[in-house]
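Participant: Make a model of this:
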Amino acid sequence: MRKYGIEYVLISPEEKGLVAPNEQFFKKFPVAAEVGQYKVYKVK
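Facilitator: Residues are numbered from 1 along each chain as shown. Here you go, the predicted model:
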């Protein structure tokens with residue numbers, strides 16, 4: 001993520017169904033926004 005300058009990551013039901021993101025990895029980052037099953041993590 002650092003290589004591409006990514007600041008925020010969205011985890012939604014779509015990502016969970018398509019790519020099975022490692023949500024444990026993202027728990028170390030603060031949640032910038034959350035609505036229902038949608039979470040935005042601030043990764044930078």
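Participant: any idea how far the residue nearest to residue 39 when sequence neighbours are not counted lies from residue 2?
Facilitator: Leaving aside its chain neighbours, residue 39 sits nearest to residue 11 (4.9 Å; criterion: C-beta to C-beta, 6 or more residues apart in numbering). For glycine as for every other residue, the C-beta is placed from the backbone atoms N, C-alpha and C. From residue 11 across to residue 2, the span is 18 Å (C-beta to C-beta, to the nearest Å).
Participant: Also residue 14?
Facilitator: 24 Å.
Participant: what about those two, which has more around it?
Facilitator: Shown here are residue 14 and residue 2; by other C-beta atoms under 10 Å, residue 14 has more neighbours (11 against 7).
Participant: what about the more buried one, is that helix, strand or coil?
Facilitator: Following DSSP: H, G, I helix; E, B strand; the rest coil, residue 14 is assigned to helix.
Participant: one step back: backbone dihedrals for the residue nearest to residue 39, please?
Facilitator: phi -120, psi 120 (degrees, to the nearest 10).
Participant: Can you get me a residue count around it?
Facilitator: Counted with other C-beta under 10 Å, residue 11 comes out at 19.
Participant: Now do the buried residues in stretch 12-22.
Facilitator: Under the neighbour-count criterion of 16 or more other C-beta atoms under 10 Å, stretch 12-22 has nothing buried.
Participant: Report the backbone C-alpha coordinates of that stretch in PDB.
Facilitator: Output in PDB follows, covering the C-alpha atoms of stretch 12-22 (Å, rounded to 0.1, in the frame of the first residue of the first chain):
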ATOM      1  CA  SER A  12     -17.500  -3.900   2.000                       C
ATOM      2  CA  PRO A  13     -19.700  -7.000   1.400                       C
ATOM      3  CA  GLU A  14     -18.500  -6.900  -2.300                       C
ATOM      4  CA  GLU A  15     -14.800  -7.200  -1.300                       C
ATOM      5  CA  LYS A  16     -15.600  -9.900   1.200                       C
ATOM      6  CA  GLY A  17     -17.400 -11.900  -1.500                       C
ATOM      7  CA  LEU A  18     -14.800 -11.400  -4.300                       C
ATOM      8  CA  VAL A  19     -11.400 -11.400  -2.700                       C
ATOM      9  CA  ALA A  20     -11.800 -12.500   1.000                       C
ATOM     10  CA  PRO A  21      -9.700  -9.600   2.500                       C
ATOM     11  CA  ASN A  22      -7.700 -10.400   5.600                       C
END
